[in-house]
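[1] fold the following for me, if possible:
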Amino acid sequence: MASLLDKAKDFVADQLAGVPKPEGSITDVDLKDVNRDSVEYLAKVSVTNPYGHAIPICEINFTFHSAGREIGKGKIPDPGSLKAKDMTVLDVPIVVPYSILFNLARDVGADWDIDYLLEIGLSIDLPVLGDFTIPVTSKGEIKLPTFKDYF
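    I've put the predicted structure just below:
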């Protein structure tokens with residue numbers, strides 16, 4: 001009896017492996033706002049939904065790293081839904097305090113930018129499959145604000 005259940009589980013797992021799943025990518029990370037105590041960046045995440053119905057997003061988790069350190073982290077609860085058979089662009093705001101940026105002075109150098117690694121997890125609830133996290137990662141360089149960004 002146990003071998004029959006194992007075969008059934010393997011069969012279902014094989015069938016679900018071929019089921020298309022939503023996929024995402026980070027299309028842009030840009031400076032959004034500069035204020036007295038922090039810098040806010042905005043990441044644009046494009047997610048493609050292969051299904052004929054909208055899928056609600058449970059939450060978005062993100063971490064922003066530079067020079068091997070976590071400089072920003074957050075969670076966005078209930079950010080909306082993925083459009084049916086379409087691409088949805090999600091905005092993920094990332095706030096980085098100046099105190100952390102000053103500690104990254106070694107990485108800034110002469111070009112006034114920082115190397116970053118952005119990791120985003122989009123948690124969705126798929127029918128039949130259950131909870132599913134779409135991992136999205138991006139590496140790049142981002143410019144730090146200058147005096148002209150204040151005015």
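
[2] which intervals of the protein have sub-threshold pLDDT?
    Counting by pLDDT under 70, the low-confidence segments of the chain come to 1-2, 4-18, 101-112, 128-129, 144-151.

[3] try it again at 50.
    Counting by pLDDT under 50, the chain shows no low-confidence range.

[4] which residue ranges form the helices in it?
    In the chain, the segments counted as helices under DSSP state H are 2-17, 98-103, 105-108, 147-150.

[5] surely residue 62 and residue 119 touch.
    Yes. Under the criterion of CB atoms under 8 Å, residue 62 makes contact with residue 119 at 6.6 Å. (Each C-beta comes from the backbone N, C-alpha and C, glycine too.)

[6] compare the two (neighbour count), which wins?
    Remark: of residue 62 and residue 119, residue 62 carries more neighbours, 21 against 17, as counted by other CB atoms under 10 Å.

[7] can you pull up the most central residue in the protein?
    Nearest residue to the geometric centre of the chain (CA atoms, centre = their mean): residue 120, 2.4 Å.

[8] give the contact list for that residue.
    With contact taken as CB atoms under 8 Å, 6 or more residues apart in numbering, residue 120 is in contact with 24, 26, 43, 45, 60, 61, 62, 92, 135, 136, 137.

[9] okay, those residues in JSON lines with distance to residue 79 next?
    As requested, these are arranged in JSON lines below (distance: CB to CB, whole Å):
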{"residue": "24", "distance to residue 79": "13"}
{"residue": "26", "distance to residue 79": "15"}
{"residue": "43", "distance to residue 79": "12"}
{"residue": "45", "distance to residue 79": "10"}
{"residue": "60", "distance to residue 79": "5"}
{"residue": "61", "distance to residue 79": "11"}
{"residue": "62", "distance to residue 79": "11"}
{"residue": "92", "distance to residue 79": "8"}
{"residue": "135", "distance to residue 79": "16"}
{"residue": "136", "distance to residue 79": "14"}
{"residue": "137", "distance to residue 79": "19"}
